[in-house]
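>>> Show me the folded form of this:
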Amino acid sequence: MIDALYNFPCIGMWVPFNEGWGQFEGEKIAGWVKEHDNTRWVDHASGWHDQGAGDLKSVHIYFKKLKMPKGINNRAVAISEYGGYSRSIEGHVWKKNKAFGYKNFKRQADFQRAYVALMKEQVEPLIQKGLSVVVYTQLTDVETEVNGLVTYDRKVLKLDFQF
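Below is the predicted model of the structure:
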């Protein structure tokens, strides 16, 4: 895969393991990936069993306040999954009456207010402490997951980005 996708400039990082999905010998594999392509960062175990390998300390944080992780070891810090705020919009879902998300909102104004507060009150202060990367869950709704910023059919933007 690395060889096949090497010339794609949109790839900024290789992630051999996401969470505990089949993770084994994470440190060794991260080293191999970095040796094979030293032009990109490597997140050896996104949000899971950090072994001090790869170019960053990657954590996933849901259901609690965002904070800087421990065990950084001279690596960049990434909150590589967070948020997951959900808003199901009738007529723009994959499956009616089936929706997953980490925190559900019925009204657009409440969803907007919560998202802005998350960014301003939790993400922005961590930048001053050295946070390098944040990856919001998620850009678009995916099947029954309605925690995207855009609906499943890509027709409705759930936030007013003029804040």
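
>>> what number of residues lie near the closest residue to residue 82 other than its chain neighbours?
In this structure, residue 82 finds its nearest non-sequential neighbour in residue 61, 4.9 Å apart by Cβ to Cβ, 6 or more residues apart in numbering. In this view, the C-beta of every residue, glycine as well, is placed from N, C-alpha and C. By other Cβ atoms under 10 Å, 17 other residues sit near residue 61.

>>> So residue 61 is in contact with residue 81, correct?
Yes - using Cβ atoms under 8 Å, residue 61 is in contact with residue 81, at 7.4 Å.

>>> Now residue 134: closest residue in space, sequence neighbours ignored.
Residue 134's closest residue in space is residue 79 (Cβ to Cβ, 6+ apart), at 4.9 Å.

>>> which stretch of helix or strand covers the one you found?
Taking DSSP states H and E as the criterion, residue 79 maps to strand 76-83.

>>> What strands line up against the helix or strand following that strand, and which way round?
Note on strand 76-83: by DSSP H and E, the next helix or strand toward the C-terminus is strand 85-86. In the sheet, strand 85-86 lines up against strand 103-104 (parallel) (DSSP bridges).
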